[in-house]
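Trainee: Please find the sequence and the predicted model below.
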Amino acid sequence: MNRYALEMRDITKLFPGVRALDSVSFTVSPGEVHALVGENGAGKSTLMNILSGVFQPDSGSIIIDGKERVFKGTKDAESCGISLIHQEFNLVNSLSVAENIYLGYLHTHKGGFVDWKYVRESASKLIQDLGFNFSVRQRVEDLSIAEKQLVEIAKALSVNAQIIGMDEPTSSLTQKEIDKLFTIINRLREQGITVIYISHKLEEVFSISDTITVLRDGQIIDTKATKDTSNAELIAKMVGRPVDMNYPQRSSKVQDEVVLEADNISCASYVKDVSFTLHKGEILGIAGLVGSGRTELVEAIFGARPLQGGSLLVHGKKVNIGNTSQGKACSIGLVTEDRKETGLALHYSITDNIVISNLPRVSKKGVYSRAMAQKSAAQSVKDLGIRTPSTKQSVINLSGGNQQKVVLAKWLFSDVDILIMDEPTRGIDVGAKYEIYLLMNSLVAQGKSIIMISSELPEVLGMSDRVMVINKGRKKGELAADEMHAEGVMRMALL
Amino acid sequence: MAGGPQKLKFWSRITIVLRSYGVLIGLVLIIVIASIMEPTFLTANNVLNMLRQASVIGIVSLGVTFVMMTGGMDLSVGAIVSLCSVVAIRMMNTYGQTGGSSALTLVVVALIAAIGFLIGLVNGSIITSINGRLGETFIITYGMQIVVASLALLYSGGQFITGTFTDGLYQQLGTGLFPIFLFLAIALVMHAVLTYTTFGKQICFIGANMECARMSGIKVRLLRTITYGICGMTAALSAIVVTSRVFSASPLQGNGYELEAIAAVVVGGTSQSGGNGGIVNTIIGVLVLSVLGNALNVVGVDANAQLLVRGGIIIVAVALDMWNKKTAQRMATI
């Protein structure tokens, strides 16, 4: 009857000082998977928040099934059949799957008691309809991330959602789980449910979506059928200029000197008998699935986890690293995978965050010099191209890419020889990624060594001199530059 | 809409002023109102008396500030005051009968400070060995409070100990301008440590994000433990001042001090989650609570009704802190 399941017309949203959305018009056909792509800060989240009633637009209208609607809150949007699944799940870990699905809508008997039989049966049916089969009595905290996502989707379907928004749904999923999610999305499409899919990962967008809309600086740049566009075209539209998505060329050579040698190291149940070497001026990539023990491995090297066996040699000398400050003393730095939780003190200034790992450098006899700190931080901001009006700015006000650069600046300020980077480009935009790659190249050119973990296979292959694959806590293999190819690494990581 | 941005600027400026100086403005208001209602409020005698009283809790609050800056809590300080009080007075009574020697006072002060420091270290070691967060610091230091309170009672046999020594210096420590100077001197040192040393910087960073501090190679365990030691030490020094003032010691001397100290720190604006605040905040918080208490006394408010006001102030302070965080967050998301 209607051409569109959803039509958003001339939506404008102002935040003090920023035009987050500038008369955005956006249409979605029923039963299509519509991808929304764009750099961080392009306005994707704002648009979704308006659609789900979290924010109210300053002007413009939302038309669903031909009728104009005004959402004063998320309940209004929900009653119009719109559900948004956020990156962070909205589930109560200590409750069962069935309770979570019907949270707030528990069906009751006449007396006011919950009709558990009905609740469990209908929850089971929802899960089965999505092609899965597990007990709805188990608690959500015992589920894998992919299963939790499934519960979120079931929850949306339980309130008869016709339009489901998914914000970066695959950010913490393994490849296998992503495939499962895509199966579910295809099933939803068959049922005529519309999916709006937000993602940074273009490969996924290409494999799942029917239509792609590019947002940039709060404006719609283009909407195209997926089959009519290409990776290069999308990236060019996202950043507004054609970008060479090849990884930057490196002119420096790996030197023979071994700076770090791990000999049969183990860490609890996570890491078993891993041995490897790292050379001066080398980027060693670590590939492996999320949960394969790759993060635990580097944390153990840095001293954040106790080593249970094996030995570590730094510059040929056996070292005993029992805590992070000893790791730092061995000239090892770790850029953690979660910059917001463990990489930064978000409410502290850029200066405070940068100098914290090397306070003696901005102090005289234990007396901290604010002037020296400010000066050093300003230098770092300049060197790394951190975009901020002032070094006194709280890092929470920075974009993801700039935050990540502050974490890097922290370790560069410590002047460590061995820099470990766990997912250094997670959740940051294309432009910032490229800048971080350039920075990594200039570091190894200066004779530093880098260990890089990444879930993005092209990144590992594109940046590393050598790749080590971790699978279930064990080293599965090692590939030199000339033998690296995606299928080989994937096979080692999976099998 | 032309005036829109201008207006926002004006209001956000007001908000910033209120956030930074709200407590200070409150303090000045209390003083002005009290001195209008009762002229004797601002006499030198009353002011000095008030400040002497404030300095006892004040010194305790300084150490508590350090602990709270790291995102922790110390409920054992009151009991430490009690134990140190009875130990100090009994030591002075035992060895200070000959008179004249200030050396004894100095030895006793050093010993008492060491006792407080050690108890604090025990607190800190237990807390850090289980990697305790705010909740655990509450419970562990509460347990320590009971243990130390019991030690104070055992040591004194549950008896009030009257001072019988003749050493002059000890008696001076709590009288005249001495306690006020002592409070300010300790505050000055601790402020300097917190703001101008690498130690202090790291303490604050631990409070801002403990896991990030650890991942930045900071010796979180060691520094946290020392912080509890310092907190115990300031409680011990406070015991010296209070016993000197009353020239006696009760094994229940410090009962409730911990809550008054925490209240002062919170009213000053140091956040319970750590990382925000400082010694200057705490000095203001101590002054607000003691000036308010004294003002209510002077203008003749019923003692039982005074508690109502004190409780209210603390609740408002916490609410303001949460509101601050919310506005800060909102500003951040923009």
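Mentor: Thanks, I have the structure now. Numbers count the residues shown, from 1 in each chain, chains lettered A, B, ... in the order given.

Trainee: which ones are touching residue B:314?
Mentor: Applying C-beta atoms under 8 Å, 6 or more residues apart in numbering or on different chains to residue B:314 gives the contacts B:263, B:266, B:267. C-beta: built from backbone N, CA, C; applies to glycine.

Trainee: pretty sure it belongs to a helix, no?
Mentor: Yes - checked against DSSP: H, G, I helix; E, B strand; the rest coil, residue B:314 lies within a helix.

Trainee: residues in chain A within reach of chain B, list them.
Mentor: Where chain A comes near chain B, counting by C-beta under 8 Å from any C-beta of the partner chain, the residues are A:15-18, A:304, A:323-325, A:327-329, A:333-334, A:336, A:341-348, A:352, A:356-357, A:359-360, A:363, A:366-368, A:394, A:396-397, A:410, A:414.

Trainee: 6 Å instead, please
Mentor: Where chain A comes near chain B, counting by C-beta under 6 Å from any C-beta of the partner chain, the residues are A:15-16, A:324-325, A:328, A:336, A:342, A:345, A:348, A:356-357, A:359, A:363, A:366-368, A:396-397.

Trainee: of those, buried ones?
Mentor: Among these, those scoring as buried are A:324-325, A:328, A:336, A:342, A:345, A:348, A:356-357, A:359, A:363, A:368, A:396-397 (criterion: 16 or more other C-beta atoms under 10 Å in any protein chain shown).

Trainee: Run through the chain and note the low-pLDDT ranges.
Mentor: In the absence of a named chain, this looks at chain A. A:1-2, A:16-18, A:40-41, A:240-246, A:495 (pLDDT under 70).

Trainee: nope, chain B please
Mentor: B:1-9, B:16, B:18-20, B:99-101, B:325, B:327-334.

Trainee: Which elements pack onto the biggest helix by length in chain B?
Mentor: For chain B, the helix with the greatest residue count under DSSP state H is helix B:4-37. Secondary-structure packing of helix B:4-37 (3 or more C-beta pairs under 6 Å, 6 or more residues apart in numbering or on different chains; DSSP states H and E): helix B:279-298.

Trainee: neighbours around residue A:20, how many?
Mentor: Neighbour count for residue A:20, taken as other C-beta atoms under 10 Å in any protein chain shown: 24.

Trainee: ok, which stretches of the stretch 101-250 of chain A are strands?
Mentor: Shown for the stretch 101-250 of chain A, the strands assigned by DSSP state E, counting those that start in this stretch span residues A:163-167, A:194-198, A:211-216, A:219-225.

Trainee: What is the distance between the second one and the centre of its chain?
Mentor: Using C-alpha atoms, centre = their mean, to the nearest Å, the distance from the centre of strand A:194-198 to the centre of the chain it belongs to is 18 Å.

Trainee: which residues sit against that strand?
Mentor: A:5, A:28, A:30, A:33-36, A:44, A:163-167, A:185, A:188, A:209 (C-beta atoms under 6 Å, 6 or more residues apart in numbering or on different chains).

Trainee: Show me which of those is closest to residue A:234.
Mentor: Nearest to residue A:234 among the contacts of strand A:194-198 is residue A:35, at 9.4 Å by C-beta to C-beta.

Trainee: how much space is there between residue B:230 and residue B:243?
Mentor: From residue B:230 over to residue B:243 the distance is 21 Å, taken as C-beta to C-beta, to the nearest Å.

Trainee: Which of those two has more residues huddled nearby?
Mentor: residue B:243 (28 against 22).

Trainee: Surely that one is in a helix?
Mentor: Yes - assignment of residue B:243 by three-state DSSP places it within a helix.

Trainee: For ChimeraX, write the selection for the buried entries among the contacts of strand A:194-198.
Mentor: Only the buried entries of the contacts of strand A:194-198 go into this ChimeraX selection, using 16+ other C-beta under 10 Å:
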select /A:5,28,30,33,34,35,36,44,163,164,165,166,167,185,188,209
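
Trainee: May I have the secondary structure class of residue A:470?
Mentor: Per three-state DSSP, residue A:470 ends up strand.

Trainee: show me what contacts residue B:269?
Mentor: B:23, B:277, B:281.

Trainee: out of everything not next to it in sequence, what's closest to it?
Mentor: Using C-beta to C-beta, 6 or more residues apart in numbering or on different chains and skipping the chain neighbours, the partner closest in space to residue B:269 is residue B:281 (4.6 Å).

Trainee: need the contact list for that neighbour.
Mentor: Contacts for residue B:281 (C-beta under 6 Å, 6+ apart) come out as B:268, B:269, B:270.

Trainee: Tell me the spacing between it and chain A.
Mentor: Distance, residue B:281 to chain A, using C-beta to the nearest C-beta, to the nearest Å: 16 Å.

Trainee: hang on, residue A:8 in a strand?
Mentor: Yes - the assignment for residue A:8 by three-state DSSP puts it in a strand.

Trainee: Filter the contacts of residue B:314 down to the ones in strands?
Mentor: The members of the contacts of residue B:314 all map outside strands under DSSP state E.

Trainee: to the chain's geometric centre, what's the distance from stretch A:206-216?
Mentor: The answer for stretch A:206-216 is 18 Å, by C-alpha atoms, centre = their mean.

Trainee: Could you do stretch A:223-236 as well?
Mentor: Taking mean C-alpha positions (C-alpha atoms, centre = their mean), stretch A:223-236 and its chain are 22 Å apart.

Trainee: now stretch A:34-46
Mentor: For stretch A:34-46, the distance to the chain centre is 14 Å (C-alpha atoms, centre = their mean).

Trainee: Show me what from chain B comes close to chain A.
Mentor: So chain B meets chain A at B:196-198, B:201, B:205, B:208-209, B:211-212, B:214-217, B:219, B:332, B:334 (C-beta under 6 Å from any C-beta).

Trainee: For chain A, see how far away the residue nearest the centre of chain B is.
Mentor: The centre of chain B sits closest to residue B:61, judged by C-alpha atoms, centre = their mean, with a distance of 0.5 Å. According to C-beta to the nearest C-beta, residue B:61 and chain A sit 23 Å apart.

Trainee: So which of the strands of the stretch 101-250 of chain A is nearest residue B:157?
Mentor: Nearest of those (C-beta to C-beta): strand A:163-167, 67.3 Å.

Trainee: In terms of secondary structure, what does the closest one contact?
Mentor: Going by 3+ C-beta pairs under 6 Å, 6+ apart, strand A:163-167 lies up against strand A:82-85, strand A:194-198.

Trainee: and the shortest one, how far from the chain's centre?
Mentor: Relative to its parent chain, strand A:82-85 has a centroid offset of 20 Å by C-alpha atoms, centre = their mean.

Trainee: Partner strands of it and their direction?
Mentor: Partners of strand A:82-85 in the sheet, by DSSP bridges, are strand A:163-167 (parallel).
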